[in-house]
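1. coordinates only, sequence not included:
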């Protein structure tokens, strides 16, 4: 196995760990009831949900980074812009959703932590690739 592939997984793991630490502080230390309402149904935000969501976000971010750095000369910069826009859009869920203030703040912090780790870390894990259309 090439060691280069471990670097992105390290950053994704760090993002997951960061989100879990936020969950632990909010739920265990501060007693926040992390629950979101979807219509009449109330759903708890569990550690499993935090891990799964963070892993999916990380793998999606990494896949897009791979694609953009392969296709574009400035793919990493384009990816960073896209990642910031996705972060801003993702904050709409916690902020606009039906949940307690504590839940909204906690979910917002989780989004920021995961995004900060992925946006700063994933580009560093990529080798300098030449775009496929480069001469």
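-> That came through fine. Nothing here was measured: the structure is a model prediction, and the numbers come from that model.
2. what is the burial count for the residue lying closest to residue 30 once chain neighbours are set aside?
-> With C-beta to C-beta, 6 or more residues apart in numbering as the criterion, residue 30 has its nearest non-adjacent residue at 7.4 Å, and that residue is residue 102. In short, each C-beta sits where N, CA and C put it, glycine included. By the criterion of other C-beta atoms under 10 Å, residue 102 has 16 neighbours.
3. from residue 92, how far out is the residue nearest to the spatial centre of the chain?
-> For the chain, the residue sitting closest to the mean C-alpha position, by C-alpha atoms, centre = their mean, is residue 114 at 4.0 Å. In this view, residue 114 and residue 92 are 15 Å apart by C-beta to C-beta, to the nearest Å.
4. one more: residue 80?
-> 20 Å.
5. neighbour count winner among these two?
-> residue 80 (17 against 10).
6. doesn't residue 121 make contact with the more buried one?
-> No: contact criterion C-beta atoms under 8 Å: residue 80 and residue 121 do not qualify, at 11.8 Å.
7. helix or strand with the lowest mean pLDDT in the chain?
-> Within the chain, judged by mean pLDDT, DSSP states H and E, the helix or strand with the poorest mean is helix 92-96; its value is a mean of 85.
8. centre of the chain to the following helix or strand past that one, how far?
-> Along the chain past helix 92-96, the next helix or strand (assigned with DSSP states H and E) turns out to be helix 101-121. Averaging C-alpha positions (C-alpha atoms, centre = their mean, to the nearest Å) puts helix 101-121 8 Å from its chain's average.
9. contacts for helix 101-121?
-> With contact meaning C-beta atoms under 8 Å, 6 or more residues apart in numbering, helix 101-121 is reached by 10-12, 14-16, 18-19, 21-23, 26, 30, 32-36, 45, 50, 54, 57-58, 61, 80, 83-84, 86-87, 90-91, 93-95, 97, 99.
10. buried among these? Make that a PyMOL selection.
-> In PyMOL syntax, the buried subset of the contacts of helix 101-121 is picked out as below (16 or more other C-beta atoms under 10 Å):
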select buried, resi 11+12+14+15+16+18+19+22+23+26+32+34+36+45+50+54+57+58+61+80+83+86+87+90+91+94+99
